[in-house]
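Visitor: Let me see the structure of the following:
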Amino acid sequence: MTQSESDSIHGAQRSSGLSPLRYPVFRRVWGASTLANLGGLIQSVGASWLMISLGQSADMVALVQASLTLPVVLFSLVAGAMADNLDRRRVMLGAQVFMLIVSVVLVLFAWTGLITPWLLLLFAFAIGSGGAFNAPAWQASVGDMVPRAELPAAVALNSMGFNIARSVGPAIGGLIVAAAGAAAAFAVNAFSYIPLIIVLARWRAPSHPRLHPPETLGLAIGAGIRYVAMSPAIRTVLLRSAVFGVSAGAVMALMPVVAKDLLAGGPLTYGLLLGAFGLGAVAGAFGNARLRQLMSTEAIVRSASIGFAVAAAIIGVSSSLPATMFGFFLAGAGWLLALATFNVAVQMSAPRWVVARALSLYQMATFSGLAAGSWLWGEVAASVSISAALLMASVVMLAGAVLGRWRPLAQTVELNLELLRSWKEPSTVVPVEGRTGPVVITIEYVIRQDDVEEFFDAMAERRRIRRRDGARNWRLLRDLADPELWIERYETPTWLDYVRHNSRITHNDAMIPERLRALHRGSESPRVRRMIERQRSPVASNQSSDTLIDPARLS
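Guide: Numbering: from 1, shown residues only. I've put the predicted structure just below:
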């Protein structure tokens with residue numbers, strides 16, 4: 001990244017639907033990613049047609065799409081942990097190179113006639129796996145390319161780029177397959193990775209000096225799950241996105257049969273419906289920035305859900321192509337606004353050290369909802385009717401909008417989730433290493449009786465933050481001899497975990513310790529004791545087997 005690019009990223013400019021494209025890095029990566037998405041959709045058409053050409057049944061054709069999307073559910077969390085612990089640019093570059101290699105091999109097998117149905121599914125799964133590892137790193141990297149104020153518009157542009165590709169990709173793929181065969185479609189997809197690989201290779205992402213060794217993959221995954229589980233705002237996003245995905249799955253999954261059965265059309269009709277949906281998504285992307293200025297996060301999602309429900313009902317009862325196209329246009333706008341808002345809500349509720357893992361869990365929730373909804377509404381359409389499935393999905397979507405009254409999305413724009421970086425690792429008299437532990441920490445507060453209730457409220461949030469950032473066995477104790485003495489106690493497995501725990505405090509988190517210090521009435525600051533737990537085996541078999549603790553106090 002050049003100095004001018006860095007300066008422009010941190011400059012404050014008024015956000016609009018296209019304003020993130022002012023930033024050269026984002027503009028180049030976005031354009032190359034849109035081209036790669038287009039290639040992926042062309043490849044998908046070629047794979048589906050090749051499966052049909054190999055004489056396979058409809059269920060095997062459906063497995064092509066399943067093979068492309070299943071890795072998202074299987075590998076997203078691992079991919080998110082890698083994106084948070086490694087250089088995200090290199091993770092994306094590695095994923096793109098892997099998909100390029102797999103695509104080239106697929107071209108060779110298809111060109112020489114060596115491809116078989118199950119081998120084709122294996123190639124599709126491998127390409128989908130590359131996409132699953134690329135997605136969290138790419139989404140989390142947007143925050144390195146544009147300032148925080150531009151993040152909502154940048155996320156909307158990402159969704160718009162994919163929907164533009166989805167609008168024209170299948171049609172282009174169909175033309176290529178008809179003119180030159182499935183192998184040509186695979187070749188086009190292989191070439192589509194090259195521009196993005198070049199852009200990523202030339203991009204120099206802003207460096208964030210790593211203060212501590214990276215976590216192991218297992219610890220990183222556990223930390224990501226724990227952070228989301230202890231973050232009510234992100235948990236709400238996951239719930240709402242899963243419900244949205246279940247109901248939205250009807251419109252996405254039943255689009256081909258709507259074109260064929262409800263409208264008595266063919267491939268052209270299906271293409272028009274795809275185009276209408278894509279145009280709606282583009283319109284939603286352009287309107288996203290303005291809506292965020294006028295409406296809250298919850299209001300945008302609720303409005304998008306209601307609009308999508310109306311769209312599903314129109315599609316379900318209409319036998320007119322223009323009316324159905326309008327329904328898909330409305331659905332496309334609601335789709336983009338809802339999913340872009342969910343994505344932004346996650347990114348603005350998680351600090352940079354864990355944002356890719358939070359996004360991967362959001363992605364898993366959404367795709368799981370879409371997969372479940374596609375199966376559910378497909379079964380309803382087969383056993384009852386297509387119209388009934390769409391109308392029932394519309395009702396479920398409305399229920400999701402009503403759910404917002406009890407589980408509203410948080411307004412997160414004002415959160416400052418930059419790391420505080422004011423905590424310094426304390427020196428110790430007893431020598432310690434990173435693996436030394438377990439470590440027991442106690443903090444002593446003197447609290448007046450009149451302030452106990454306020455102290456409890458602050459400690460409840462303190463407990464959530466401690467556990468979210470890795471503390472174990474958190475306890476609040478009161479001294480029986482001195483009723484004004486309160487002791488906060490928690491543990492970490494090792495000294496390195498203790499250092500990581502305190503290094504994860506954000507500016508927003510810092511309000512709680514400031515509030516506690518204001519309530520503290522001692523003559524000095526709250527007293528912190530850091531101790532190592534030591535377990536000793538009994539000297540003789542007839543001695544008590546109780547655990548002995550060596551306080552080994554650290555200064």
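Visitor: Need the three-state assignment for residue 528.
Guide: Recorded secondary structure, residue 528: strand (DSSP: H, G, I helix; E, B strand; the rest coil).
Visitor: show me the contacts for the closest residue to it other than its chain neighbours.
Guide: For residue 528, ignoring the flanking residues on the chain, the nearest one in space by Cβ to Cβ, 6 or more residues apart in numbering is residue 443 at 5.2 Å. For the C-beta atoms, the positions are set from N, CA and C on the backbone; glycine is no exception. Residues near residue 443 by Cβ atoms under 8 Å, 6 or more residues apart in numbering: 487, 488, 489, 526, 527, 528, 529.
Visitor: Export whatever helix or strand residue 443 lives in to CSV, keeping only CA atoms.
Guide: If you go by DSSP states H and E, residue 443 is part of strand 439-446. Output of strand 439-446 as CSV, limited to C-alpha atoms (Å, rounded to 0.1, in the frame of the first residue of the first chain):
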residue,chain,number,x,y,z
VAL,A,439,-2.3,-18.4,36.9
VAL,A,440,-4.8,-17.1,39.6
ILE,A,441,-5.6,-13.4,39.7
THR,A,442,-7.4,-11.6,42.5
ILE,A,443,-8.4,-7.9,42.6
GLU,A,444,-9.5,-6.3,45.9
TYR,A,445,-12.1,-3.5,46.0
VAL,A,446,-13.4,-1.5,48.9
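Visitor: for that strand, what is the average pLDDT?
Guide: With pLDDT averaged residue by residue, strand 439-446 scores 96.
Visitor: Report the buried residues of the very next helix or strand once past that strand.
Guide: Sequence-wise, the next helix or strand downstream of strand 439-446 (DSSP H and E) is helix 452-468. Residues of helix 452-468 classed as buried: 455, 458, 459, 462, 463, 465, 466, 467, 468 (neighbour count, 16 or more other Cβ atoms under 10 Å).
Visitor: and helix 452-468, what does it pack onto?
Guide: Secondary structure elements in contact with helix 452-468, counted by 3 or more Cβ pairs under 8 Å, 6 or more residues apart in numbering; DSSP states H and E, are helix 217-229, strand 472-478, strand 485-492, helix 511-519.
Visitor: Of those, which is nearest residue 403?
Guide: When the helices and strands packed on helix 452-468 are compared by Cβ to Cβ, helix 217-229 sits nearest residue 403, at 18.9 Å.
Visitor: buried ones in that closest one?
Guide: Neighbour counts over helix 217-229 (16+ other Cβ under 10 Å) mark 219, 220, 221, 223, 224, 226, 227, 228 as buried.
Visitor: thinking in terms of the whole chain, how far from its middle is the helix or strand that residue 325 is a member of?
Guide: Assigned by DSSP H and E, residue 325 belongs to helix 321-347. With Cα atoms, centre = their mean, to the nearest Å as the basis, helix 321-347 stands 18 Å off its chain's centre.
Visitor: Also stretch 275-286?
Guide: Here the centre of stretch 275-286 is set off from its chain's centre by 22 Å, with Cα atoms, centre = their mean.
Visitor: what's the helix or strand where residue 94 lies packed up against?
Guide: Taking DSSP H and E as the criterion, residue 94 maps to helix 88-112. With contacts defined as 3+ Cβ pairs under 8 Å, 6+ apart, helix 88-112 has these neighbours: helix 24-53, helix 58-85, helix 117-145, helix 182-202.
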